[in-house]
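**Student:** I would like to see how this sequence folds:
(one chain, ligands or ions: 1)
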Amino acid sequence: MAVAKMKVSAVLMMLTAAASDPTVRKDYRIGLTNGYEDGITGVHLRNKKQQDRTMKQFMAGDIGPGEMGCGIELMDMNPVVAKEKEDMYQAQGFDEYISEHLVSLNRSLPDRRDDWCKQNVLVDPAYLPSTSVIIIFHNEAWSTLIRTVYSVINRSPAHLLAEILLVDDASTLPHLGERLEKMVAGMGEKVRLIRQPARAGLMRTRMVGVMESKSQVLTFLDSHIEATEGWLEPLLERVHQNPKAIACPVIEEVNDKTFQYKFVTRDLVGVFFWNLDFGWTAVKRPDWSPYDTPVMAGGLFSIRKDWFAELGFYDEGMEIWGGEQLELSFKAWMCGGKIEIVPCSRVGHIFRTFSPYKWTTTVKLPEYNYKRVASVWMDHYQELYYDRIGHTGDRREQNIGDYGSVLARKELRESLQCKDFDWYLREQMPDLHNGVIKGMGEIRNPHQGFCLDQQDLEQNAGLPVLVFDCHGDKGNQYWYYRADGRITRDWMCMVRRRKGSKNDNHVELGPCEDPNLPPEYMSWDYDSKSGLLKHRHSGLCLKVTRTPLKLWLKPCRGEDPDQRWFFTQYEEEGLIEKEKRIERESIEAGEDGEMRHTEL
Ligand SMILES: [Mn+2]
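**Tutor:** Take a look at the predicted model:
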């Protein structure tokens, strides 16, 4: 008896010892993280303090790692486990090891709603319509997929969640076979798994979900998200109030390395550039009320099914991924609807730094899809996109290439009697609309055969604008000259070297608007005859030298061949403005203006 008692107490001691330091595990030590920028306020600060407290609870051994959205870092790892972790990262594009082994599938998250949200409920949730949640996936990790589904079930009022449709786009990973079927079978009647026999891509796979759905309102989600408390009601309220609204939650970040749920503390709208890439830009909002966005990110939104049908659903002529959110955004606005960001609805999403997916398709993505969007919806402005692809100097048709038939999509647009793209730009993206483009393409000095060159990144502000041999591949040698005198890429402008700059070039990359500098400082006067490019503020002209290979601002000399610069395309009245004028004149001359959508 005495021996047995001793054994029991020894085991208890060991348990106590292990529990005394919750950061120590067999193969590593656990550290928690919850970093944010300084000066956050309001609910963001409140939620950060919650995360701080949760970290203390973890240290006390009261709670698991990752709770309340805390991030996790592993230290002093056993090298074998470290290798396994790295392999899992490479396979998924996020730290699946941490997700699988350390973060609960049911973890807690802060309530992200500002008090405003609770005081401004316009429709009693009892009277809101229910929704079908459609989640498509292809080779998603187990833990992130299940956590997605659990977060939706746990944080949606039961009467508003009609069903969750999991549509598998021909996954090949073993855990998504029978194991997933058993798991879903145990989730109750509301969760259904639908299989695609062959890889069909995002648009067609989502459409399978749409056709199978039973609710009037559809809600699309990615397969690696975490919904927070109260995420669904404000989305449904918006589509209930305006049947032609598309309502998007604020997409917060589930960090791909630590799985920290990170708060988005600024108000953002979705925008696009002439290469049709999507981006976010900050706006000032007085409160947490819904606000318009020109385009949406595309992964997460609610829409009424009848409105989606009227808009022709997705363009099923598109391949695999990319551009579908632009198409939906353009037509929603142009055909009488709207797109809104709903700050009271917050959903975390894992942003991958690379895509681990492989697909076989004969077309180049996302360009193939972008061309379909451009040709159907962008009227004259499609030329701005076409000019971004292919090779400088090649024929337009050769640069555009094939993008399938868009006849049915053009008929759809005609039948909906939509407004034109110029209206959309003016109303929704006035900066892009006002940024009349006079020159585009290379900025070439023919004497040296050099082109202006620099990578268009915000963090490149202060780097010299470079000159290299013209390569014709567009990219970093693709520029615009705007009617407001700016020489710009999509984000950044060429400006005179600013005070305190470290580069010894006379021109550098800088912001196109700088509250500390007069606009002339960022502006240039261009004479398309002489090729002189004169800095408006200093009156000096852009000059290149071969040795040293460098750009200067020098007194203007029309006879100096090293001061001559030419754009690949240039129109004094504006490139698109010229197209618009020609069309106007041909309509006035009695030609059939209705032809324009089908003729382009
Ligand atoms: Mn995603």
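**Student:** domains of the protein?
**Tutor:** 2-101, 115-350, 367-432+574-599, 437-570 (automatic domain parsing).
**Student:** which one, of the ones you listed, ends up nearest to Thr361?
**Tutor:** The closest of the domains of the chain to Thr361 is domain 115-350. By CB to CB, the value is 5.3 Å. C-beta coordinates here come from the backbone N, C-alpha and C atoms, glycine included.
**Student:** and that closest one, end to end?
**Tutor:** 26 Å (CA to CA, to the nearest Å).
**Student:** check stretch 514-534 too.
**Tutor:** Stretch 514-534: ends 19 Å apart by CA to CA.
**Student:** single out the most deeply packed of the domains of the chain.
**Tutor:** Mean neighbour count, computed with mean count of other CB atoms under 10 Å, is highest for domain 115-350 among the domains of the chain, reaching a mean of 19.
**Student:** do me a favour and average the pLDDT over that domain.
**Tutor:** Across domain 115-350, pLDDT averages out at 97.
**Student:** run the chain-centre distance for it.
**Tutor:** Put simply, domain 115-350 sits 14 Å off its chain's centre (CA atoms, centre = their mean, to the nearest Å).
**Student:** just stretch 359-373 next, same as before
**Tutor:** Its chain's C-alpha centre lies 18 Å from the corresponding centre of stretch 359-373 when counted by CA atoms, centre = their mean.
**Student:** show residues contacting it.
**Tutor:** 199, 201, 276, 315, 317-324, 326-327, 330, 385-386, 389, 400-404, 406, 409 (CB atoms under 8 Å, 6 or more residues apart in numbering).
**Student:** only alpha carbons, please: show that stretch as PDB.
**Tutor:** Taking Å, rounded to 0.1, in the frame of the first residue of the first chain, the C-alpha atoms of stretch 359-373 are listed here in PDB:
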ATOM      1  CA  TRP A 359      -3.200  24.600 -61.200                       C
ATOM      2  CA  THR A 360      -2.900  23.700 -64.800                       C
ATOM      3  CA  THR A 361      -4.300  26.200 -67.300                       C
ATOM      4  CA  THR A 362      -3.200  27.300 -70.700                       C
ATOM      5  CA  VAL A 363      -3.900  30.900 -70.000                       C
ATOM      6  CA  LYS A 364      -1.900  33.600 -68.100                       C
ATOM      7  CA  LEU A 365      -3.600  34.600 -64.900                       C
ATOM      8  CA  PRO A 366      -4.900  37.000 -63.800                       C
ATOM      9  CA  GLU A 367      -4.400  38.800 -67.100                       C
ATOM     10  CA  TYR A 368      -6.800  36.600 -69.000                       C
ATOM     11  CA  ASN A 369      -9.600  37.500 -66.600                       C
ATOM     12  CA  TYR A 370      -8.600  41.100 -66.300                       C
ATOM     13  CA  LYS A 371      -8.900  41.400 -70.100                       C
ATOM     14  CA  ARG A 372     -12.400  40.100 -70.000                       C
ATOM     15  CA  VAL A 373     -13.400  42.600 -67.300                       C
END
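**Student:** before we move on, back to that, right, so of the domains of the chain, which gets closest to Ser108?
**Tutor:** domain 2-101 (5.0 Å).
**Student:** how about the domains of the chain, which one is nearest Pro356?
**Tutor:** Proximity to Pro356 (CB to CB) singles out domain 2-101 among these, at 4.7 Å.
**Student:** gap between the closest one and the chain center?
**Tutor:** Taking mean C-alpha positions (CA atoms, centre = their mean), domain 2-101 and its chain are 31 Å apart.
**Student:** mean confidence (pLDDT) on that domain, please.
**Tutor:** Domain 2-101 comes out at a mean pLDDT of 87.
**Student:** cool, stretch 364-376 as well?
**Tutor:** pLDDT averaged over stretch 364-376 gives 97.
**Student:** let's have the domains of the chain in CSV, adding distance to Pro356.
**Tutor:** Output for the domains of the chain, formatted as CSV (distance: least, CB to CB, whole Å):
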stretch, distance to Pro356
domain 2-101, 5
domain 115-350, 8
domain 367-432+574-599, 21
domain 437-570, 24
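**Student:** strands - which of the contacts of stretch 359-373 land there?
**Tutor:** Residues from the contacts of stretch 359-373 lying in strands, with DSSP state E as the criterion: none.
**Student:** just those residues: which are in helices?
**Tutor:** 201, 324, 326-327, 330, 385-386, 400, 409 (DSSP state H).
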